[in-house]
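Colleague: Turn this into a structure:
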Amino acid sequence: MKDDVTTETVRAIEAIVLVGLEPVPTDLIAQLLEIPATTVDEVCARLAETYEEAGHGFQLAKVAGGWRFQTHPDLAPYVERFILDGQRARLSGAALETLAIIAYKQPISRLQIASIRGVDPDSVLRTLHGRAYVAPVSRDNGPGQAVLWGTTQLFLEKLGIASLKDLPAIASFVPDASLVEALEKTLLIEADSISEPSEGA
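Modeller: Numbers count the residues shown, from 1 in each chain. Below is the predicted model of the structure:
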C-alpha cells in the first residue's frame, strides 16, 4: 500500500464498500475520494490480504469490476443454514411496506423509496434482496445511474399470482372519500370538545 495513503482514505473505502448493495466500481470510489483508480485497487487488494491473513469470516473481493464484502467460501454451510432459518422468519412491518412500494412503483431507486417512506431503506432492501423478493432490474438514465429495484419471480410465487397485473388495485387500500370526511369531522368534534373548558372549571 502506498505510504501517502491516509488512514482516513482506507477507512472511507471500507465504509463505502460496506454500504454498497452491489459491487462498488473502482472508478466510482476513486471519484468519491478524489484519488487515482490504481490507488483504490491497491488499497483494496492490500485490505483483502489483511482480512485473509487475520482469518476473518468475510472477504473483500473484486467482482465484475467492483469491490464488495462477502462471506468466506469455507463458511458456506453456516451461512446457508442461517439464510434458510431466516426464510421462515416473518418480514417486519418496515420490510412489508418497502416491498409494497417496490411492487407498485417499480422500477424504483433507493432514494425514491426513501422519499416515500421517510427513512433510509438500505437495511430493509438487504433483507428483501437476501430473500430474493426484490432484485436490481435496471439503472436510471439520470446522473449517477442509480440502481432501480423490482420484484422477482419468487415474489409472484409467494403471492400466488401470475404477473404484477394481478396485484390488487392500489385504490382498494385507500379509504373512500366519504369515510375520510367522516373521520375528519369526528376528529374535529373531539378536538373541539377537548379544547372547550368544562362547566365549573
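Colleague: So V134 is in contact with I102, correct?
Modeller: Yes - the pair formed by V134 and I102 meets the contact definition of Cβ atoms under 8 Å, at 5.4 Å. C-beta coordinates here come from the backbone N, C-alpha and C atoms, glycine included.
Colleague: how many neighbours does L154 have?
Modeller: 13 (other Cβ atoms under 10 Å).
Colleague: my read: it touches A135, true?
Modeller: No - taking Cβ under 8 Å as the contact criterion, L154 and A135 are not neighbours in contact, 9.3 Å apart.
Colleague: Need the distance between the two termini of stretch 28-41.
Modeller: The first residue of stretch 28-41 is 12 Å away from its last residue (Cα to Cα, to the nearest Å).
Colleague: For that stretch, which outside residues touch it?
Modeller: Contact with stretch 28-41 is made by 2, 5, 9, 12-13, 16-17, 26-27, 62, 66-67, as judged by Cβ atoms under 8 Å, 6 or more residues apart in numbering.
Colleague: L159: what's it in contact with?
Modeller: Applying Cβ under 8 Å, 6+ apart, the residues contacting L159 are L167.
Colleague: what do you get if the cut-off is 10 Å, keeping everything else the same?
Modeller: When contacts are counted by Cβ atoms under 10 Å, 6 or more residues apart in numbering, L159 is found next to 103, 133, 151, 166-168.
Colleague: For it, give its distance to T151.
Modeller: Between L159 and T151 the distance, using Cβ to Cβ, to the nearest Å, works out to 9 Å.
Colleague: overlap in contacts of those two?
Modeller: Each of 103, 133, 167 lies in contact with both L159 and T151 under the rule Cβ under 10 Å, 6+ apart.
Colleague: Lowest-confidence one in those residues?
Modeller: Ranked by pLDDT, these bottom out at L167, which has 84.
Colleague: Just the mean pLDDT for the host helix or strand of Q31, thanks.
Modeller: Using DSSP states H and E, Q31 falls within helix 26-33. Per-residue pLDDT over helix 26-33 has a mean of 94.
Colleague: Give the next helix or strand downstream of that helix.
Modeller: Next along the chain after helix 26-33, taking DSSP H and E as the criterion, comes helix 37-54.
Colleague: neighbouring contacts of the next helix or strand after that next one?
Modeller: Taking DSSP H and E as the definition, the helix or strand that follows helix 37-54 towards the C-terminus is strand 58-63. When contacts are taken as Cβ under 10 Å, 6+ apart, the neighbours of strand 58-63 outside the stretch itself are 13-14, 17-18, 22-23, 26, 41, 43-52, 67-73, 75.
Colleague: In the helix holding Q31, which residues are buried?
Modeller: Within helix 26-33, the residues that count as buried by 16 or more other Cβ atoms under 10 Å are 26, 28-30, 33.
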